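Visitor: Below are the sequence and a predicted model for it; my questions follow.
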Amino acid sequence: MAKWKHKKEKHSKADPKETFVEGKLSVSAGGLGFVTPKDGTQDIFIPPRFLSDAIDGDIVKISLLREQRPNMKGPAGRVAEIVERSRKTVVGELIAGKKVRPLSKKLQGDITVNGSIQNARKGDWVEIELQAHDEKHSREQRGTLKSTIGQAGTVEFDIAAVIKEYGLCPPYSAEDWDKAGQVVPIGVDREDLKELVTMTIDPPDAKDFDDAISIRPGKNKNEMELGVHIADVAAWILHGSEWDVKAKKRSFTSYIPGNTLPMLPKDITHTMSLTPGKTSFCHSVLFTVDKHTGKILHSRRVHSRVTIAKRHTFDEVQDFIDGKPCSWEPRIEEHMKMLVELTRKMRHYRKGTEHFLELATTEIRVLCDDMTKKIKGLRREIQTESDMLVEECMLAANVEVAKELVARNIPGIFRIHPEPSEEKLQEFSGFVDDTFKMKTGDMSSRISCNNFLSKLPDDHRKQVIVDAFLRSLPRAFYLDKNQLHYGLGKGTYCHFTSPIRRYPDLLVHQQLWAVDYAGNLRGKDEVAITAMECSAKEQNNDEAYYAANDRLKLHYLKEKLKDTDIDCFEGVIRKISSAGLNIFIPDLGILSFIPIEYLGFTYKKKKSKFVASETHSKYKCGDFIYVMPEHIDLIKGSALFRPVAY
């Protein structure tokens, strides 16, 4: 691949003492760059003016700056050379002057289109093929039009633009569905577990059902037998087969609002799914658990046949837990009661021994119809005890399988979550202190983190603080070596329980299948490469989801603006600058902005507050504020709000 040279500023001369470092560039939505060196040393800050025309994800060579501003933490540098481009194309909206505004907020500046724009019109989403660096335009991105996607500002084409921008695989064709539906599982001896009362618990709109749970009294009166039953996908999808290759290419099911892109064709996933009224082939982990303490005493893994007795939704199970009347038959009600009691004890035992992070997360999802592309509303997803019940069972299965991989030296993919850096925790503590005047105290262990989080006030500040804490944690990823999962407090952990929608889980199933039935076992090198690829694809999938979700929230707000009786929203002030207020709106799950001209206040820089000279009222960080949407810009992907007087 050709080198992409950075043009040095005219007034600068080559310095023989210049220090160069090579690494991967990450660019924030605000235009700040950070390079992670290849040797794993400290990240290097790249001020926006020194990015040249490098973009997020590029492999770059940087020159370290010898002079830095006094308030800069750590080393800083400038891009001297682009070693390798992270991408060849960019999706953006065609605007005036043959310019394209990138969809991704990580790409700074507009792209100039060279040559014809063909049949594209202003306001269309287009795909641009980037051109090599031009010495005459050292900081200007240039490219040629590759394709036209459709009109920006419409739900259908906004979703299509996100899918194209993030390079997600297109949906399977009807021919793929038919072909995959003809695949039959390999026949092996299976343990018959059809007598168990086995239940699934999923969201109401779930399309795939790859996990189920059973419970019954153990052989000893002080024990219970808990069963976690996972669709035995490896019996259908063999390592190296056509559908294995296609699943690996996708690596995950992409849950884009209004356009779910499954990892495997729906006909075969329907066949493998654990649904009532049929005998299902499963890969089961059966636990013997102390019914009084919740401690797992021992477990065994088997290939099995099960029959699903009942399909539940999380809401139905939560209603049962809350004591609301249900219409279940007595045996289902009895088994659910046993399951609730046992998983409570298991969680309590795990809390005392593993000290996992206790975080009640909240997410606002856009509900968009896959067929009509109509936005039906927003749904607040809060973790409830019914979620925790399923989580407890799945965690147990994932741990036991990971332990077996380690004990038997089977090459596998593990789920890793490193400890947060001291610097990130200090930044979090500083944010909480500056914004809410609260002291976090020592945050050096999960116990101390939980102590602080458990004492948070149950008001508008809580979600902002929890979200900020989550951002201070490193991202979990996949690795071929077993290491710590910090958030869960586990020293041995993998993903096993979702093989229909996650390739790392499917790989683990296939490795165990190979061991159990003398099949094609992958080597360590192949597993290591796959783990790295899956980590990158998972992050890309997540970014695509959030880009689509946030953009569709703007469509939702734009429709709301048409209502004459639109409700106001509650916001929390996160940051104050001379330009206005940065606010977080919990009911929408978005960060937004109130310009200073909407406030009519005087900004007091030293006190970081807005003060009205006549009324002496003021806004400061951490304040609760009522706001109304004022202007939605679907081109820039932003929303402006106006404060509402109460």
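Guide: Alright, I've got the coordinates.
Visitor: Three-state assignment for residue 283, please.
Guide: strand (DSSP: H, G, I helix; E, B strand; the rest coil).
Visitor: Can you get me a residue count around it?
Guide: The number of residues packed around residue 283, counting by other CB atoms under 10 Å, is 28. In short, each C-beta sits where N, CA and C put it, glycine included.
Visitor: Residue 546 too?
Guide: 12.
Visitor: next one: residue 262
Guide: The tally of other residues near residue 262 (other CB under 10 Å) stands at 21.
Visitor: these two touch, right, it and residue 273?
Guide: No. Residue 262 is beyond contact range of residue 273, at 11.5 Å (criterion: CB atoms under 8 Å).
Visitor: what is in contact with the two at once?
Guide: Overlap of the contact sets of residue 262 and residue 273 (by CB atoms under 8 Å, 6 or more residues apart in numbering) consists of residue 208.
Visitor: Helices of the stretch 351-500 of the chain, residue ranges please.
Guide: Taking DSSP state H, counting those that start in this stretch, the helices of the stretch 351-500 of the chain run over residues 385-407, 422-436, 446-454, 460-472.
Visitor: So what touches the second one?
Guide: Yep, that's helix 422-436 we're talking about. Contacts for helix 422-436 (CB under 8 Å, 6+ apart): 73, 438-440, 443-444, 461, 464-465, 468-469, 471-474, 573-575, 621-622.
Visitor: re the thing from before, take the helices of the stretch 351-500 of the chain and lay them out in JSON lines including distance to residue 632 and mean pLDDT.
Guide: Shown next, in JSON lines, are the helices of the stretch 351-500 of the chain (distance: least, CB to CB, whole Å; pLDDT from 0 to 100):
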{"stretch": "helix 385-407", "distance to residue 632": "32", "mean pLDDT": "98"}
{"stretch": "helix 422-436", "distance to residue 632": "26", "mean pLDDT": "91"}
{"stretch": "helix 446-454", "distance to residue 632": "34", "mean pLDDT": "94"}
{"stretch": "helix 460-472", "distance to residue 632": "23", "mean pLDDT": "90"}
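Visitor: Highest mean neighbour count out of these?
Guide: helix 385-407 (a mean of 20; mean count of other CB atoms under 10 Å).
Visitor: quick one: strands adjacent to the longest strand seen in the chain?
Guide: Using DSSP state E, we find that the single longest strand of the chain is strand 296-313. In the sheet, strand 296-313 lines up against strand 191-192 (parallel), strand 198-202 (parallel), strand 279-290 (antiparallel) (DSSP bridges).
Visitor: Residues contacting the first one, please?
Guide: For strand 191-192, the external contacting residues (CB under 8 Å, 6+ apart) are 284, 302-305.
Visitor: nearest to residue 569, of the residues you listed?
Guide: residue 284 (46.8 Å; CB to CB).
Visitor: ok, the closest residue to residue 558 other than its chain neighbours - how many residues close by?
Guide: Nearest non-adjacent residue to residue 558, counting by CB to CB, 6 or more residues apart in numbering: residue 632, 4.4 Å away. Residues lying near residue 632 (other CB under 10 Å) number 20.
Visitor: Repeat that for residue 59.
Guide: That count, for residue 59 with other CB under 10 Å as the rule, works out to 18.
Visitor: Equivalent analysis for residue 293, please.
Guide: For residue 293, using other CB under 10 Å, the count is 14.
Visitor: Kindly report the same for residue 153.
Guide: 17.
Visitor: Same question for residue 439.
Guide: Going by other CB under 10 Å, the residues that sit close to residue 439 add up to 9.
Visitor: Report the contact partners of it.
Guide: 429, 432-433.
Visitor: mind giving me TSV with those residues and columns for distance to residue 490?
Guide: Listed next are the contacts of residue 439 as TSV, based on distance: CB to CB, whole Å:
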residue	distance to residue 490
429	26
432	27
433	31
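Visitor: Pick out whichever of those sits closest to residue 149.
Guide: Distances from residue 149 to the contacts of residue 439, taken by CB to CB, are shortest for residue 432, at 42.0 Å.
Visitor: Distance of the closest one relative to residue 622?
Guide: Distance of residue 432 to residue 622, computed by CB to CB, to the nearest Å: 9 Å.
Visitor: for residue 89, what are its contacts?
Guide: So residue 89 contacts 127-130, 143, 146 (CB under 8 Å, 6+ apart).
Visitor: What's the ChimeraX line that selects buried ones from the residues you listed?
Guide: Remark: buried members of the contacts of residue 89, expressed as a ChimeraX selection using 16 or more other CB atoms under 10 Å:
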select :127,128,130,143
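Visitor: among the contacts of residue 89, which are in strands?
Guide: Using DSSP E, those in strands are 127-130, 143, 146.
Visitor: Out of the strands paired with strand 296-313, which is closest to residue 627?
Guide: Closest approach to residue 627 among the strands paired with strand 296-313 (CB to CB): strand 198-202, 35.7 Å.
Visitor: outside of that closest one, which residues touch it?
Guide: 209, 211-214, 227, 229, 274-275, 306-314, 317, 332, 335-336, 339, 386, 389-390.
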